[in-house]
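A.B. asks: after the sequence you'll find the predicted model.
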Amino acid sequence: MTRPDGLTLRARLLIGLGTIAAAVVAVAIVVTLVTHSFLLTQLDQRLASSSGPIDTTRHQPALSTNDGDADNTSRPSDVWRALVDTTGRLGVIYSPNVEGASDAQPEIPVSALPSSGSVYISVPSSDGDDAGFRVLLRATSIGTDVTALSLDSVDQATHRLMVIELVGLVVVLGGLSAVGWWVLRLGIAPMRRMVDASARIADGDLDVRLEGAGRGSESAELAASLNQMVDTLTDALDERERSEARLREFVADASHELRTPLTTVLGYAELYRRGALARDEDVADAWRRTEAEAGRMRRLVEDMLELARYDAEPQLTPIRLDLAHLCSEVVGDATAAREGVSFTLDAPEPVTIAGDPDRLRQAVINVVTNAAVHGGSHVTVRVRRDDATGTVAVEDDGPGMSPEVAARATERFVRGDHSRTRATGGSGLGLAITAAIVSVHGGTLAVDSTEGAGTTVRIALPLAPVEEAAPA
(Lines give C-alpha, C1' and ligand atoms only; values in the text may rest on other atoms or scores of the structure.)
Protein backbone atom coordinates (compact mmCIF):
# COMPACT_ATOMS: atom_id res chain seq x y z
CA MET A 1 0.00 0.00 0.00
CA THR A 2 1.50 3.31 -1.10
CA ARG A 3 0.84 6.37 0.99
CA PRO A 4 -0.08 9.64 -0.75
CA ASP A 5 3.07 11.33 0.54
CA GLY A 6 5.58 8.59 -0.33
CA LEU A 7 6.44 4.94 -0.64
CA THR A 8 6.14 2.20 1.93
CA LEU A 9 9.24 0.81 3.62
CA ARG A 10 8.86 -2.40 1.61
CA ALA A 11 8.82 -0.48 -1.70
CA ARG A 12 11.76 1.68 -0.62
CA LEU A 13 13.77 -1.39 0.38
CA LEU A 14 13.06 -3.20 -2.88
CA ILE A 15 13.89 -0.10 -4.91
CA GLY A 16 17.13 0.37 -2.97
CA LEU A 17 18.19 -3.25 -3.37
CA GLY A 18 17.23 -3.19 -7.06
CA THR A 19 19.29 -0.05 -7.56
CA ILE A 20 22.29 -1.65 -5.86
CA ALA A 21 21.91 -4.80 -7.99
CA ALA A 22 21.65 -2.74 -11.19
CA ALA A 23 24.73 -0.73 -10.17
CA VAL A 24 26.70 -3.92 -9.51
CA VAL A 25 25.71 -5.35 -12.92
CA ALA A 26 26.59 -2.05 -14.63
CA VAL A 27 29.98 -1.97 -12.89
CA ALA A 28 30.66 -5.55 -14.01
CA ILE A 29 29.80 -4.68 -17.61
CA VAL A 30 31.97 -1.56 -17.53
CA VAL A 31 34.88 -3.49 -16.00
CA THR A 32 34.56 -6.15 -18.69
CA LEU A 33 34.48 -3.60 -21.49
CA VAL A 34 37.38 -1.58 -20.07
CA THR A 35 39.47 -4.73 -19.54
CA HIS A 36 38.72 -5.98 -23.05
CA SER A 37 39.65 -2.57 -24.47
CA PHE A 38 42.86 -2.53 -22.42
CA LEU A 39 43.82 -5.98 -23.68
CA LEU A 40 43.15 -4.90 -27.25
CA THR A 41 45.33 -1.84 -26.70
CA GLN A 42 48.15 -4.03 -25.46
CA LEU A 43 47.69 -6.29 -28.48
CA ASP A 44 47.76 -3.24 -30.77
CA GLN A 45 51.02 -2.14 -29.15
CA ARG A 46 52.50 -5.58 -29.89
CA LEU A 47 51.29 -5.32 -33.46
CA ALA A 48 52.91 -1.91 -33.81
CA SER A 49 56.21 -3.21 -32.45
CA SER A 50 56.04 -6.26 -34.74
CA SER A 51 55.21 -4.39 -37.95
CA GLY A 52 58.64 -3.02 -38.86
CA PRO A 53 59.84 -2.42 -42.44
CA ILE A 54 59.77 -5.47 -44.68
CA ASP A 55 63.21 -6.88 -45.57
CA THR A 56 62.46 -8.20 -49.05
CA THR A 57 66.02 -9.57 -49.41
CA ARG A 58 65.47 -11.92 -46.44
CA HIS A 59 61.72 -12.38 -46.40
CA GLN A 60 60.52 -12.58 -49.99
CA PRO A 61 56.75 -12.90 -49.87
CA ALA A 62 55.21 -15.76 -51.76
CA LEU A 63 52.81 -13.59 -53.68
CA SER A 64 51.79 -16.22 -56.15
CA THR A 65 51.12 -19.26 -53.95
CA ASN A 66 49.48 -17.71 -50.82
CA ASP A 67 50.21 -20.96 -49.00
CA GLY A 68 51.86 -19.54 -45.91
CA ASP A 69 55.11 -21.46 -46.41
CA ALA A 70 57.41 -18.44 -46.38
CA ASP A 71 60.63 -18.58 -44.45
CA ASN A 72 59.85 -18.22 -40.76
CA THR A 73 62.69 -20.02 -39.07
CA SER A 74 64.70 -17.06 -37.92
CA ARG A 75 63.04 -16.83 -34.45
CA PRO A 76 59.93 -18.12 -32.58
CA SER A 77 56.98 -15.80 -33.01
CA ASP A 78 53.19 -15.86 -32.81
CA VAL A 79 52.90 -12.99 -35.31
CA TRP A 80 51.39 -13.57 -38.73
CA ARG A 81 52.91 -11.25 -41.37
CA ALA A 82 51.91 -10.75 -45.01
CA LEU A 83 51.90 -8.25 -47.85
CA VAL A 84 49.02 -7.40 -50.16
CA ASP A 85 50.39 -5.90 -53.37
CA THR A 86 48.72 -3.25 -55.43
CA THR A 87 46.95 -5.89 -57.55
CA GLY A 88 45.30 -7.39 -54.44
CA ARG A 89 47.38 -10.56 -54.24
CA LEU A 90 48.40 -11.65 -50.71
CA GLY A 91 51.84 -12.96 -49.96
CA VAL A 92 52.70 -14.44 -46.57
CA ILE A 93 56.00 -13.24 -45.22
CA TYR A 94 55.93 -15.50 -42.16
CA SER A 95 53.33 -17.19 -39.95
CA PRO A 96 53.35 -18.19 -36.23
CA ASN A 97 55.88 -20.89 -35.44
CA VAL A 98 55.39 -21.26 -31.68
CA GLU A 99 54.24 -24.55 -30.20
CA GLY A 100 50.53 -25.11 -30.71
CA ALA A 101 50.18 -22.37 -33.31
CA SER A 102 47.32 -22.80 -35.78
CA ASP A 103 47.62 -22.66 -39.58
CA ALA A 104 44.62 -20.36 -39.75
CA GLN A 105 44.94 -17.02 -41.45
CA PRO A 106 42.96 -13.82 -41.01
CA GLU A 107 40.25 -13.12 -43.55
CA ILE A 108 40.83 -9.52 -44.58
CA PRO A 109 38.19 -7.87 -46.73
CA VAL A 110 39.56 -5.80 -49.59
CA SER A 111 37.38 -2.89 -48.54
CA ALA A 112 39.32 -2.68 -45.26
CA LEU A 113 42.70 -2.07 -46.97
CA PRO A 114 43.77 1.52 -46.33
CA SER A 115 45.03 3.75 -49.16
CA SER A 116 47.27 5.59 -46.73
CA GLY A 117 48.31 5.44 -43.12
CA SER A 118 47.47 2.50 -40.90
CA VAL A 119 44.38 1.00 -39.30
CA TYR A 120 43.65 -1.63 -36.62
CA ILE A 121 40.76 -4.00 -37.23
CA SER A 122 39.49 -7.30 -35.86
CA VAL A 123 38.70 -9.96 -38.48
CA PRO A 124 37.54 -13.58 -38.39
CA SER A 125 39.78 -16.58 -38.88
CA SER A 126 39.93 -18.67 -42.02
CA ASP A 127 39.15 -21.85 -40.05
CA GLY A 128 36.05 -20.39 -38.44
CA ASP A 129 37.66 -19.91 -34.99
CA ASP A 130 35.52 -17.70 -32.80
CA ALA A 131 38.54 -15.79 -31.57
CA GLY A 132 39.71 -14.37 -34.95
CA PHE A 133 42.64 -12.00 -35.39
CA ARG A 134 43.64 -8.50 -34.51
CA VAL A 135 45.19 -6.99 -37.61
CA LEU A 136 47.32 -3.93 -38.28
CA LEU A 137 46.99 -2.73 -41.90
CA ARG A 138 49.66 -0.23 -42.98
CA ALA A 139 49.81 1.23 -46.47
CA THR A 140 53.23 1.16 -48.19
CA SER A 141 54.59 1.99 -51.63
CA ILE A 142 54.51 -1.68 -52.68
CA GLY A 143 51.12 -2.54 -51.15
CA THR A 144 49.57 -3.08 -47.74
CA ASP A 145 51.66 -4.40 -44.90
CA VAL A 146 49.57 -6.84 -42.85
CA THR A 147 50.51 -7.78 -39.29
CA ALA A 148 48.15 -10.00 -37.32
CA LEU A 149 47.96 -11.62 -33.86
CA SER A 150 45.43 -14.14 -32.68
CA LEU A 151 42.68 -12.86 -30.31
CA ASP A 152 42.72 -16.13 -28.36
CA SER A 153 44.57 -14.63 -25.40
CA VAL A 154 42.27 -11.59 -25.26
CA ASP A 155 39.12 -13.65 -25.56
CA GLN A 156 40.33 -16.15 -22.96
CA ALA A 157 41.21 -13.41 -20.47
CA THR A 158 37.89 -11.68 -21.13
CA HIS A 159 36.04 -14.98 -20.72
CA ARG A 160 37.78 -15.73 -17.42
CA LEU A 161 36.95 -12.23 -16.19
CA MET A 162 33.31 -12.67 -17.19
CA VAL A 163 33.14 -16.01 -15.34
CA ILE A 164 34.63 -14.43 -12.22
CA GLU A 165 32.24 -11.49 -12.48
CA LEU A 166 29.31 -13.82 -13.02
CA VAL A 167 30.17 -15.79 -9.90
CA GLY A 168 30.63 -12.51 -8.00
CA LEU A 169 27.29 -11.21 -9.28
CA VAL A 170 25.55 -14.40 -8.19
CA VAL A 171 27.10 -14.09 -4.73
CA VAL A 172 26.32 -10.38 -4.43
CA LEU A 173 22.75 -10.68 -5.74
CA GLY A 174 22.19 -13.71 -3.54
CA GLY A 175 23.47 -11.73 -0.56
CA LEU A 176 21.25 -8.79 -1.43
CA SER A 177 18.27 -11.13 -1.77
CA ALA A 178 19.04 -12.71 1.61
CA VAL A 179 19.42 -9.28 3.24
CA GLY A 180 16.18 -8.13 1.63
CA TRP A 181 14.32 -11.24 2.80
CA TRP A 182 15.80 -10.90 6.29
CA VAL A 183 14.85 -7.22 6.56
CA LEU A 184 11.37 -7.86 5.18
CA ARG A 185 10.77 -10.78 7.52
CA LEU A 186 12.27 -9.36 10.70
CA GLY A 187 11.69 -5.66 10.16
CA ILE A 188 9.03 -4.68 7.69
CA ALA A 189 6.66 -7.65 7.96
CA PRO A 190 6.24 -7.22 11.76
CA MET A 191 5.71 -3.49 11.22
CA ARG A 192 3.03 -4.29 8.65
CA ARG A 193 1.35 -6.63 11.13
CA MET A 194 1.53 -3.97 13.82
CA VAL A 195 -0.01 -1.40 11.47
CA ASP A 196 -2.89 -3.79 10.73
CA ALA A 197 -3.33 -4.59 14.43
CA SER A 198 -3.23 -0.88 15.31
CA ALA A 199 -5.96 -0.23 12.75
CA ARG A 200 -8.12 -2.89 14.41
CA ILE A 201 -7.43 -1.35 17.81
CA ALA A 202 -8.37 2.08 16.43
CA ASP A 203 -11.65 0.54 15.24
CA GLY A 204 -12.40 -0.47 18.83
CA ASP A 205 -11.10 -4.04 19.07
CA LEU A 206 -9.09 -3.74 22.28
CA ASP A 207 -8.54 -7.51 22.51
CA VAL A 208 -5.95 -7.33 19.71
CA ARG A 209 -2.30 -7.42 20.74
CA LEU A 210 0.74 -6.56 18.64
CA GLU A 211 3.53 -8.99 17.86
CA GLY A 212 7.15 -8.07 17.16
CA ALA A 213 9.95 -9.97 15.43
CA GLY A 214 11.77 -11.71 18.22
CA ARG A 215 13.06 -10.80 21.63
CA GLY A 216 15.40 -7.83 21.74
CA SER A 217 14.53 -6.35 18.34
CA GLU A 218 13.18 -2.82 17.94
CA SER A 219 9.87 -4.10 16.61
CA ALA A 220 9.50 -6.41 19.62
CA GLU A 221 10.21 -3.53 22.01
CA LEU A 222 7.75 -1.32 20.14
CA ALA A 223 5.12 -4.06 20.22
CA ALA A 224 5.64 -4.55 23.97
CA SER A 225 5.31 -0.80 24.59
CA LEU A 226 2.18 -0.54 22.47
CA ASN A 227 0.67 -3.62 24.14
CA GLN A 228 1.35 -2.06 27.52
CA MET A 229 -0.27 1.15 26.30
CA VAL A 230 -3.32 -0.81 25.10
CA ASP A 231 -3.50 -2.64 28.44
CA THR A 232 -3.35 0.68 30.27
CA LEU A 233 -6.01 2.11 27.97
CA THR A 234 -8.19 -0.96 28.46
CA ASP A 235 -7.83 -0.74 32.24
CA ALA A 236 -8.65 2.97 32.10
CA LEU A 237 -11.75 2.32 30.01
CA ASP A 238 -12.82 -0.49 32.35
CA GLU A 239 -12.24 1.77 35.34
CA ARG A 240 -14.22 4.54 33.66
CA GLU A 241 -17.08 2.14 33.04
CA ARG A 242 -16.94 1.02 36.66
CA SER A 243 -16.81 4.65 37.80
CA GLU A 244 -19.78 5.52 35.63
CA ALA A 245 -21.66 2.53 36.99
CA ARG A 246 -20.81 3.55 40.56
CA LEU A 247 -21.85 7.12 39.78
CA ARG A 248 -25.18 5.97 38.38
CA GLU A 249 -25.68 3.76 41.41
CA PHE A 250 -24.66 6.61 43.71
CA VAL A 251 -27.15 8.99 42.09
CA ALA A 252 -29.89 6.37 42.27
CA ASP A 253 -29.11 5.55 45.91
CA ALA A 254 -28.88 9.22 46.89
CA SER A 255 -32.17 9.91 45.14
CA HIS A 256 -33.75 6.99 46.96
CA GLU A 257 -32.35 8.07 50.32
CA LEU A 258 -33.60 11.63 49.85
CA ARG A 259 -36.93 10.67 48.34
CA THR A 260 -38.28 8.89 51.43
CA PRO A 261 -37.78 11.73 53.93
CA LEU A 262 -38.95 14.26 51.36
CA THR A 263 -42.09 12.21 50.76
CA THR A 264 -42.71 12.07 54.51
CA VAL A 265 -42.25 15.81 54.93
CA LEU A 266 -44.46 16.64 51.94
CA GLY A 267 -47.09 14.16 53.14
CA TYR A 268 -47.39 15.71 56.59
CA ALA A 269 -47.38 19.19 55.07
CA GLU A 270 -50.26 18.18 52.76
CA LEU A 271 -52.20 16.72 55.67
CA TYR A 272 -51.68 19.90 57.68
CA ARG A 273 -52.70 22.11 54.72
CA ARG A 274 -55.94 20.19 54.22
CA GLY A 275 -56.76 20.31 57.91
CA ALA A 276 -56.60 16.55 58.34
CA LEU A 277 -54.61 17.01 61.54
CA ALA A 278 -57.35 18.27 63.78
CA ARG A 279 -56.10 17.17 67.17
CA ASP A 280 -53.17 18.84 68.85
CA GLU A 281 -51.45 15.55 69.52
CA ASP A 282 -51.67 14.69 65.78
CA VAL A 283 -50.13 18.01 64.86
CA ALA A 284 -47.34 17.53 67.40
CA ASP A 285 -46.65 14.02 66.11
CA ALA A 286 -46.58 15.29 62.53
CA TRP A 287 -44.12 18.04 63.38
CA ARG A 288 -41.99 15.57 65.33
CA ARG A 289 -41.85 13.18 62.39
CA THR A 290 -41.21 16.01 59.96
CA GLU A 291 -38.32 17.24 62.11
CA ALA A 292 -36.87 13.72 62.29
CA GLU A 293 -36.98 13.28 58.52
CA ALA A 294 -35.47 16.74 58.01
CA GLY A 295 -32.67 15.77 60.39
CA ARG A 296 -32.14 12.57 58.40
CA MET A 297 -31.85 14.59 55.19
CA ARG A 298 -29.43 17.00 56.85
CA ARG A 299 -27.18 14.16 58.04
CA LEU A 300 -27.30 12.57 54.61
CA VAL A 301 -26.36 15.82 52.89
CA GLU A 302 -23.59 16.48 55.43
CA ASP A 303 -22.18 12.99 54.87
CA MET A 304 -22.18 13.47 51.10
CA LEU A 305 -20.53 16.88 51.44
CA GLU A 306 -17.88 15.37 53.70
CA LEU A 307 -17.17 12.64 51.15
CA ALA A 308 -16.93 15.29 48.45
CA ARG A 309 -14.37 17.20 50.56
CA TYR A 310 -12.29 14.05 50.97
CA ASP A 311 -12.50 13.42 47.22
CA ALA A 312 -11.24 16.95 46.57
CA GLU A 313 -8.61 18.35 48.94
CA PRO A 314 -9.12 17.23 52.54
CA GLN A 315 -7.87 19.61 55.21
CA LEU A 316 -6.01 17.70 57.92
CA THR A 317 -4.20 18.80 61.07
CA PRO A 318 -1.88 15.88 61.80
CA ILE A 319 -0.17 15.46 65.14
CA ARG A 320 1.50 12.62 67.00
CA LEU A 321 -1.14 10.65 68.91
CA ASP A 322 -1.59 7.34 70.66
CA LEU A 323 -3.97 5.12 68.72
CA ALA A 324 -4.58 2.91 71.79
CA HIS A 325 -5.61 5.91 73.91
CA LEU A 326 -7.94 7.19 71.16
CA CYS A 327 -9.62 3.78 70.90
CA SER A 328 -10.03 3.58 74.69
CA GLU A 329 -11.93 6.88 74.65
CA VAL A 330 -14.18 5.71 71.81
CA VAL A 331 -14.89 2.40 73.56
CA GLY A 332 -15.67 4.25 76.81
CA ASP A 333 -18.16 6.55 75.07
CA ALA A 334 -19.78 3.62 73.24
CA THR A 335 -20.15 1.64 76.48
CA ALA A 336 -22.01 4.54 78.04
CA ALA A 337 -24.20 5.18 74.98
CA ARG A 338 -25.09 1.65 73.90
CA GLU A 339 -27.06 -0.37 76.38
CA GLY A 340 -27.31 -4.07 75.71
CA VAL A 341 -23.97 -4.22 73.92
CA SER A 342 -20.74 -5.09 75.70
CA PHE A 343 -17.42 -3.67 74.53
CA THR A 344 -13.89 -4.99 75.12
CA LEU A 345 -10.66 -3.10 74.49
CA ASP A 346 -7.50 -5.11 73.82
CA ALA A 347 -4.63 -2.59 73.62
CA PRO A 348 -1.55 -3.90 75.46
CA GLU A 349 0.84 -1.10 74.42
CA PRO A 350 0.83 2.44 73.04
CA VAL A 351 0.77 2.79 69.26
CA THR A 352 2.01 6.18 68.10
CA ILE A 353 0.88 7.44 64.71
CA ALA A 354 0.73 10.82 62.98
CA GLY A 355 -2.77 11.95 62.02
CA ASP A 356 -5.68 14.29 62.54
CA PRO A 357 -7.20 13.27 65.87
CA ASP A 358 -10.73 14.46 65.06
CA ARG A 359 -10.85 12.66 61.70
CA LEU A 360 -9.38 9.45 63.07
CA ARG A 361 -11.75 9.53 66.03
CA GLN A 362 -14.64 9.88 63.60
CA ALA A 363 -13.34 6.90 61.61
CA VAL A 364 -13.08 4.64 64.67
CA ILE A 365 -16.49 5.81 65.96
CA ASN A 366 -18.08 4.94 62.60
CA VAL A 367 -16.67 1.41 62.68
CA VAL A 368 -17.53 0.80 66.35
CA THR A 369 -21.04 2.21 65.87
CA ASN A 370 -21.64 -0.01 62.85
CA ALA A 371 -20.50 -3.04 64.86
CA ALA A 372 -22.78 -2.11 67.77
CA VAL A 373 -25.83 -1.37 65.62
CA HIS A 374 -25.58 -4.06 62.95
CA GLY A 375 -23.50 -6.66 64.82
CA GLY A 376 -24.35 -8.84 67.79
CA SER A 377 -24.19 -8.24 71.49
CA HIS A 378 -20.42 -8.02 71.90
CA VAL A 379 -17.80 -5.84 70.20
CA THR A 380 -14.03 -6.23 70.62
CA VAL A 381 -11.55 -3.51 69.68
CA ARG A 382 -7.95 -4.69 69.32
CA VAL A 383 -4.99 -2.34 68.84
CA ARG A 384 -1.67 -3.73 67.67
CA ARG A 385 1.56 -2.51 66.12
CA ASP A 386 4.21 -4.02 63.90
CA ASP A 387 7.34 -2.68 62.25
CA ALA A 388 5.57 -0.15 60.03
CA THR A 389 1.87 0.13 60.88
CA GLY A 390 -0.57 0.42 63.71
CA THR A 391 -3.75 -1.63 63.36
CA VAL A 392 -7.24 -1.25 64.84
CA ALA A 393 -9.42 -4.36 64.45
CA VAL A 394 -13.11 -4.04 65.38
CA GLU A 395 -14.76 -7.47 65.75
CA ASP A 396 -18.45 -8.26 66.33
CA ASP A 397 -20.41 -11.49 66.75
CA GLY A 398 -23.29 -10.45 64.50
CA PRO A 399 -24.85 -12.15 61.48
CA GLY A 400 -22.05 -11.08 59.14
CA MET A 401 -22.30 -10.31 55.45
CA SER A 402 -22.14 -12.23 52.23
CA PRO A 403 -18.81 -12.12 50.33
CA GLU A 404 -20.39 -9.94 47.64
CA VAL A 405 -21.61 -7.33 50.14
CA ALA A 406 -18.37 -7.48 52.18
CA ALA A 407 -16.32 -6.76 49.02
CA ARG A 408 -18.36 -3.57 48.46
CA ALA A 409 -18.85 -2.57 52.09
CA THR A 410 -16.77 0.61 51.75
CA GLU A 411 -18.67 1.85 48.71
CA ARG A 412 -21.27 4.57 49.12
CA PHE A 413 -24.87 3.66 50.05
CA VAL A 414 -23.94 -0.03 50.43
CA ARG A 415 -25.58 -1.71 53.39
CA GLY A 416 -25.62 -5.25 54.68
CA ASP A 417 -29.39 -5.49 54.29
CA HIS A 418 -30.95 -4.89 50.89
CA SER A 419 -34.41 -4.12 52.16
CA ARG A 420 -33.45 -0.45 52.71
CA THR A 421 -35.35 -0.44 55.98
CA ARG A 422 -34.41 2.35 58.33
CA ALA A 423 -35.30 0.57 61.52
CA THR A 424 -31.66 0.52 62.40
CA GLY A 425 -30.90 3.92 60.88
CA GLY A 426 -27.97 4.85 58.65
CA SER A 427 -27.69 5.37 54.92
CA GLY A 428 -24.66 3.28 54.03
CA LEU A 429 -22.11 6.12 54.07
CA GLY A 430 -20.38 5.35 57.39
CA LEU A 431 -17.75 2.92 56.09
CA ALA A 432 -17.32 4.99 52.91
CA ILE A 433 -16.42 8.04 55.04
CA THR A 434 -14.16 5.89 57.20
CA ALA A 435 -12.35 4.49 54.15
CA ALA A 436 -11.85 8.04 52.82
CA ILE A 437 -10.41 9.23 56.17
CA VAL A 438 -8.06 6.25 56.36
CA SER A 439 -6.98 6.73 52.75
CA VAL A 440 -6.00 10.39 53.20
CA HIS A 441 -3.87 9.29 56.19
CA GLY A 442 -2.01 6.83 53.94
CA GLY A 443 -3.64 3.78 55.50
CA THR A 444 -5.89 0.94 54.38
CA LEU A 445 -9.27 -0.44 55.46
CA ALA A 446 -10.27 -4.08 55.03
CA VAL A 447 -13.57 -5.85 55.77
CA ASP A 448 -13.54 -9.57 56.62
CA SER A 449 -16.99 -11.03 57.15
CA THR A 450 -18.59 -14.45 57.11
CA GLU A 451 -22.34 -15.00 57.17
CA GLY A 452 -23.33 -16.22 60.63
CA ALA A 453 -19.84 -15.67 62.06
CA GLY A 454 -19.55 -11.91 62.51
CA THR A 455 -17.55 -9.16 60.87
CA THR A 456 -14.06 -7.77 61.41
CA VAL A 457 -13.03 -4.34 60.14
CA ARG A 458 -9.28 -3.61 60.16
CA ILE A 459 -7.79 -0.14 59.92
CA ALA A 460 -4.04 -0.03 59.24
CA LEU A 461 -2.21 3.30 59.62
CA PRO A 462 1.50 4.09 59.19
CA LEU A 463 3.43 4.60 62.40
CA ALA A 464 4.82 8.04 63.21
CA PRO A 465 8.55 8.44 62.55
CA VAL A 466 10.75 8.04 65.59
CA GLU A 467 11.78 11.41 67.01
CA GLU A 468 15.49 11.94 67.43
CA ALA A 469 16.70 12.83 70.87
CA ALA A 470 17.80 16.45 71.31
CA PRO A 471 21.57 16.91 71.73
CA ALA A 472 22.74 17.37 75.32
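C.D. replies: Received it, and whenever you're ready, just let me know what you need. Treat the numbers as computed from the prediction; the structure is a model and nothing was measured.
A.B. asks: which residue packs closest to D397, ignoring adjacent ones?
C.D. replies: G376 (3.8 Å; Cβ to Cβ, 6 or more residues apart in numbering). For glycine as for every other residue, the C-beta is placed from the backbone atoms N, C-alpha and C.
A.B. asks: surely the one you found is in a helix?
C.D. replies: No - using DSSP: H, G, I helix; E, B strand; the rest coil, the assignment for G376 is coil, not a helix.
A.B. asks: compute the number of surrounding residues for it.
C.D. replies: Under the neighbour criterion other Cβ atoms under 10 Å, G376 is assigned a count of 16.
A.B. asks: how about R320?
C.D. replies: 12.
A.B. asks: confirm T260 sits in a helix?
C.D. replies: Yes - under three-state DSSP, T260 falls within a helix.
A.B. asks: now it: how far from R12?
C.D. replies: 72 Å (Cβ to Cβ, to the nearest Å).
A.B. asks: ok so, going back, for the residue nearest to D397, what are its contacts?
C.D. replies: Contacts here follow Cβ atoms under 8 Å, 6 or more residues apart in numbering; on that basis G376 touches D396, D397, G398, P399, G454.
A.B. asks: ok, those residues vs D333, which is closest?
C.D. replies: D396 (17.1 Å; Cβ to Cβ).
A.B. asks: OK, contacts around that closest one?
C.D. replies: A371, A372, H374, G375, G376, H378, V379, T380, G454, T455, T456.
A.B. asks: helices of this structure, start to end?
C.D. replies: Assigned by DSSP state H, the chain shows helices spanning 9-50, 152-183, 189-202, 218-273, 280-311, 323-337, 357-374, 403-407, 430-440.
A.B. asks: nearest to G143, out of those?
C.D. replies: helix 9-50 (17.5 Å).
A.B. asks: so L13 sits against W182, correct?
C.D. replies: No - using Cβ atoms under 8 Å, L13 is not in contact with W182; the gap is 10.7 Å.
A.B. asks: those two: who's more crowded?
C.D. replies: Each of L13 and W182 has its neighbours counted (other Cβ under 10 Å); L13 has more, 17 against 10.
A.B. asks: quick check: the farthest pair among the contacts of D396?
C.D. replies: H374 and T380 (15.3 Å).
A.B. asks: and the protein, what are its domains?
C.D. replies: 10-157, 231-306, 315-462 (automatic domain parsing).
A.B. asks: distance between the ends of the last one?
C.D. replies: End-to-end distance of domain 315-462: 19 Å, with Cα to Cα, to the nearest Å as the criterion.
A.B. asks: now that domain: how far from the chain's centre is it?
C.D. replies: 47 Å (Cα atoms, centre = their mean, to the nearest Å).
A.B. asks: what does the second one give?
C.D. replies: Its chain's C-alpha centre lies 51 Å from the corresponding centre of domain 231-306 when counted by Cα atoms, centre = their mean.
A.B. asks: residue numbering should commence at 31 henceforth.
C.D. replies: Fine by me, first position is 31 from now on; the one you just mentioned is domain 261-336.
A.B. asks: avg pLDDT for it?
C.D. replies: The pLDDT scores in domain 261-336 average 78.
A.B. asks: same check on the last one?
C.D. replies: Regarding domain 345-492, the rounded mean pLDDT is 83.
A.B. asks: same thing with stretch 171-178?
C.D. replies: 89.
A.B. asks: ok, and for that stretch, which residues are buried?
C.D. replies: G173, T174, D175, V176, T177, A178 (16 or more other Cβ atoms under 10 Å).
A.B. asks: from P154, how far out is the fourth one?
C.D. replies: Here the criterion is Cβ to Cβ. By it, V176 lies 15 Å from P154.
A.B. asks: go on, the fifth one?
C.D. replies: For T177, the distance to P154 under the criterion Cβ to Cβ works out to 17 Å.
A.B. asks: how many residues are close by G420?
C.D. replies: 23.
A.B. asks: report the contact partners of it.
C.D. replies: With Cβ under 8 Å, 6+ apart, G420 has these contacts: L353, V381, T382, I383, V413, R414, A490, L491, P492, L493.
A.B. asks: how many other residues sit next to the second one?
C.D. replies: Okay, so that is V381. V381, neighbours per other Cβ under 10 Å, totals 24.
A.B. asks: surely it and A418 touch.
C.D. replies: No - checked against Cβ under 8 Å, the pair V381 and A418 is beyond contact range at 11.8 Å.
A.B. asks: now do the shared contacts for those two.
C.D. replies: Common neighbours of V381 and A418 (Cβ under 8 Å, 6+ apart) are L493.
A.B. asks: what's the burial count for D310?
C.D. replies: Look at D310: counted by other Cβ under 10 Å, it has 8 neighbours.
A.B. asks: and it, how far from A316?
C.D. replies: 11 Å.
A.B. asks: so of the contacts of G406, which ones are in strands?
C.D. replies: Taking DSSP state E, the ones among the contacts of G406 that sit in strands are D426.
A.B. asks: turn the contacts of G406 into TSV, columns for distance to L346.
C.D. replies: Converted to TSV, the contacts of G406 look like this (distance: Cβ to Cβ, whole Å):
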residue	distance to L346
D426	29
D427	34
G428	32
P429	35
G484	32
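A.B. asks: nearest to E271 among the contacts of G406?
C.D. replies: P429 (32.8 Å).
A.B. asks: and that closest one, what does it touch?
C.D. replies: P429 touches G406, G446, E481, G482, G484, counting by Cβ under 8 Å, 6+ apart.
A.B. asks: got the contact list for I467?
C.D. replies: Y340, R389, L390, Q392, A393.
A.B. asks: and the residues you listed, which two are the farthest apart?
C.D. replies: Greatest spatial distance in these: Y340 and L390, 13.2 Å, computed using Cβ to Cβ.
A.B. asks: these two: which is more packed in?
C.D. replies: L390 (26 against 18).
A.B. asks: ok, the nearest residue to the more buried one once chain neighbours are set aside - how many residues close by?
C.D. replies: Distances taken as Cβ to Cβ, 6+ apart place L356 nearest to L390, at 6.4 Å, with adjacent residues excluded. When neighbours are defined as other Cβ under 10 Å, L356 has 21 of them.
A.B. asks: hmm, back to that, now the contacts of G420: which count as buried?
C.D. replies: L353, V381, T382, I383, V413, R414, A490, L491, L493.
A.B. asks: look up the residues forming beta bridges with the fourth one.
C.D. replies: Yep, that's I383 we're talking about. Per DSSP bridges, the residues bridged to I383 are L351, L493.
A.B. asks: distance of it from L236?
C.D. replies: From I383 to L236 the distance is 43 Å (Cβ to Cβ).
A.B. asks: how about the third one?
C.D. replies: Separation of T382 from L236 (Cβ to Cβ) stands at 48 Å.
A.B. asks: and I123, how far from P136?
C.D. replies: For I123 relative to P136 (Cβ to Cβ), the value is 14 Å.
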